[in-house]
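>>> heads up, no residue letters with this:
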């Protein structure tokens, strides 16, 4: 399930990131950064309050949409920092490849640590998933408030 979720997110991420870097999508950093933080907050809350343990197809749609937002935000950052000026497609895909290798490494480590040994324990959601999700939710809202206060 985690691999399917990551693939859904990555598909959207690559599409809009590439389109942003090549100039096909005009972006606004403030709006994108706000949407990125809200998407993290949403997924954190979903992790905590989802009633069913089985992941439904709607999560794939949300992850695809969030991937689109995150990809556009990264593409926008690469364009605004000048990283993508020489060879935008190569710059984006090189950067994205590094991110994905990091993502695969983290997912593999988390699977070995949490998924393999802890996920079948009765306390896993209460002691692992919920505290991490609360931390992500608090951090994303804190960062959003900070972004709004700094921008205004």
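Good, I have the coordinates. Not measured: the values here are computed from a predicted model.

>>> switch to C-alpha atoms for all contacts and neighbour counts from now on
Noted.

>>> right, and the helix or strand after the helix or strand containing residue 98?
Applying DSSP states H and E as the criterion places residue 98 in helix 88-110. Remark: after helix 88-110, the chain's next helix or strand is helix 124, criterion DSSP H and E.

>>> Can you name the next helix or strand after that following helix?
Moving toward the C-terminus from helix 124, the next helix or strand (DSSP H and E) is helix 130-151.

>>> starting at the chain centroid, how far to that following helix?
Per C-alpha atoms, centre = their mean, to the nearest Å, the displacement of helix 130-151 from the mean C-alpha position of its chain is 14 Å.

>>> Provide the contact partners of that helix at residue level.
30, 34, 37, 38, 40, 41, 42, 44, 45, 47, 48 (C-alpha atoms under 8 Å, 6 or more residues apart in numbering).

>>> mind listing which of the residues you listed are in strands?
Of the contacts of helix 130-151, none are assigned to strands by DSSP state E.

>>> Export the residues you listed as TSV, with columns for distance to residue 58.
What follows is the contacts of helix 130-151, written out as TSV (distance: C-alpha to C-alpha, whole Å):
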residue	distance to residue 58
30	27
34	22
37	20
38	17
40	16
41	17
42	13
44	15
45	15
47	13
48	16
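
>>> Drop anything exposed from these.
34, 37, 38, 40, 41, 42, 44, 45, 47, 48 (16 or more other C-alpha atoms under 10 Å).

>>> Mind pulling the model confidence for the residue nearest to the last one when sequence neighbours are not counted?
What that stands for is residue 48. Among residues not flanking residue 48 along the chain, residue 130 sits closest, at 5.4 Å (C-alpha to C-alpha, 6 or more residues apart in numbering). On pLDDT, residue 130 comes in at 92.

>>> Same check on residue 56?
pLDDT recorded at residue 56 is 61.

>>> tally of neighbours for residue 112?
For residue 112, the tally of surrounding residues (other C-alpha atoms under 10 Å) stands at 12.

>>> should've said residue 8
Counted with other C-alpha under 10 Å, residue 8 comes out at 21.

>>> what's near enough to touch it?
Listed by C-alpha under 8 Å, 6+ apart, the contact set of residue 8 reads 60, 61, 63, 64, 67.

>>> Dump these into a markdown table; add secondary structure and neighbour count as well.
As requested, the contacts of residue 8 are exported to a markdown table (DSSP: H, G, I helix; E, B strand; the rest coil; neighbours: other C-alpha atoms under 10 Å):
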| residue | secondary structure | neighbour count |
| --- | --- | --- |
| 60 | helix | 18 |
| 61 | helix | 15 |
| 63 | helix | 22 |
| 64 | helix | 21 |
| 67 | helix | 26 |
